[in-house]
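>>> Based on what follows, work out the 3D shape:
(4 chains)
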Number of protein chains: 2
Amino acid sequence: MEHRIDRIKKQLHAQSYKLTPQREATVRVLLEREEDHLSAEDIYLLVKEKAPEIGLATVYRTLELLSELKIVDKINFGDGVSRYDLRKEGAEHFHHHLVCIECGSVEEIMDDLLGDVEKIVENEWGFKVKDHRLTFHGLCKKCQKAITVEA
Amino acid sequence: MEHRIDRIKKQLHAQSYKLTPQREATVRVLLEREEDHLSAEDIYLLVKEKAPEIGLATVYRTLELLSELKIVDKINFGDGVSRYDLRKEGAEHFHHHLVCIECGSVEEIMDDLLGDVEKIVENEWGFKVKDHRLTFHGLCKKCQKAITVEA
DNA sequence: CTAAATGCAAACCTTTTGCAATTCA
DNA sequence: TGAATTGCAAAAGGTTTGCATTTAG
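Coordinates of the predicted model:
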């Protein structure tokens, strides 16, 4: 944890950005809730517990900055809100998501399943892939069971 | 074209929705601009040319209805706007997109490249896939060339 | 005829921005 | 010190909603 904060601090300083207490608090929330897919508002409320004086605008500005630095990825699952997801260290590509259409849960897949597909896209379409977004919509294990039982 | 309109009319009637002139005009715009990825506002302006009295709210309501009926898919490329994409007839899955990070162009891929990946997700994660969203971000052919030349 | 649909304007939400005051390096 | 950052409140989108009126079936 401290290790990752240090790293991020260095990344910021490298571009002459400052690691303010507000930014640090925001990053800590992101680290603590790595599994979640929090909206800016969610993050704001959590950061407020540690740093009550912070403003929502600062959270937005911090998240934008972290996006630029590729520390977080901004995603959108189709509800009207952007969500922010910490990039795994060293990850070349954005990970994938399984969104349950029944209960709304979001599971992450870290494996890169798209190696072959990207080759096809590059060779057959001449498109140079830099990143991707892949989300599956369907039924998670739990909801599949629930439906089987009730049927 | 008329054939597809008829089909949609039937789909609407099947659920006792009406095919109003406003709805028909909206569908026609969608059919004419099948290749594009129009926002609600874009569609509104285009529909207005044929049916000047239409209101933006009606366009939104129509698009929502068409989404429900799986006639269009609502997508989000990360700019703050929802875009609407006509589903190809008989398509089981949503098609894929190649978004150029240089010029913003959007190309569509109709082939289903995810068959194998879906099998893995179903078998290894126990997740029952119903649909997916796959977008690649990178450089289109044109922009790759442009960059090579200027370098 | 009557449930469904429309147009308009107001309301809503999320996100962004201007600016004076503050703070990190 | 001085450029970067913050908080606040206002503004700016995009989208939704309430309601009186109109219309497709």
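
>>> Just the strands from chain A, written as ranges.
All strands of chain A, identified by DSSP state E, fall at A:38-39, A:72-76, A:82-86, A:96-100, A:106-109, A:128-139.

>>> Pick the most deeply packed of these.
strand A:96-100 (a mean of 22; mean count of other CB atoms under 10 Å in any protein chain shown). Any C-beta I mention is one placed from the backbone N, CA and C, and that applies to glycine too.

>>> and for it, what are the contacting residues?
Contact with strand A:96-100 is made by A:37, A:75, A:77, A:105-109, A:113, A:134-140, A:142-143, B:121, B:125, B:127, as judged by CB atoms under 8 Å, 6 or more residues apart in numbering or on different chains.

>>> picking that back up, among the strands of chain A, which comes closest to DNA strand D?
Minimum separation from DNA strand D across the strands of chain A (CB to the nearest atom of the strand) falls at strand A:72-76, 10.8 Å.

>>> which other helices and strands contact the closest one?
Applying 3 or more CB pairs under 8 Å, 6 or more residues apart in numbering or on different chains; DSSP states H and E, we find strand A:72-76 packed against helix A:56-68, strand A:82-86.

>>> Highest mean neighbour count across the ones you listed, which stretch is it?
strand A:82-86 (a mean of 20).

>>> what does chain A put close to DNA strand D?
Residues of chain A that fall close to DNA strand D, judged by CB under 7 Å from any atom of the strand: A:12, A:16-18, A:20, A:22-23, A:51, A:53-58, A:61-62, A:80.

>>> how much space between the residue most central in space within chain A and DNA strand C?
Residue closest to the average C-alpha location in chain A (CA atoms, centre = their mean): A:Asp85, at 1.1 Å. Distance, A:Asp85 to DNA strand C, by CB to the nearest atom of the strand, to the nearest Å: 13 Å.

>>> wait, doesn't that residue sit right on A:Ile75?
Yes. In this structure A:Asp85 lies within contact range of A:Ile75 using CB atoms under 8 Å: 5.7 Å.

>>> Spit out the residues that contact these two alike.
With CB under 8 Å, 6+ apart as the test, A:Asp85 and A:Ile75 both reach A:His37.

>>> got any ranges where chain A has weak pLDDT?
By pLDDT under 70, the weakly predicted segments of chain A are A:151.
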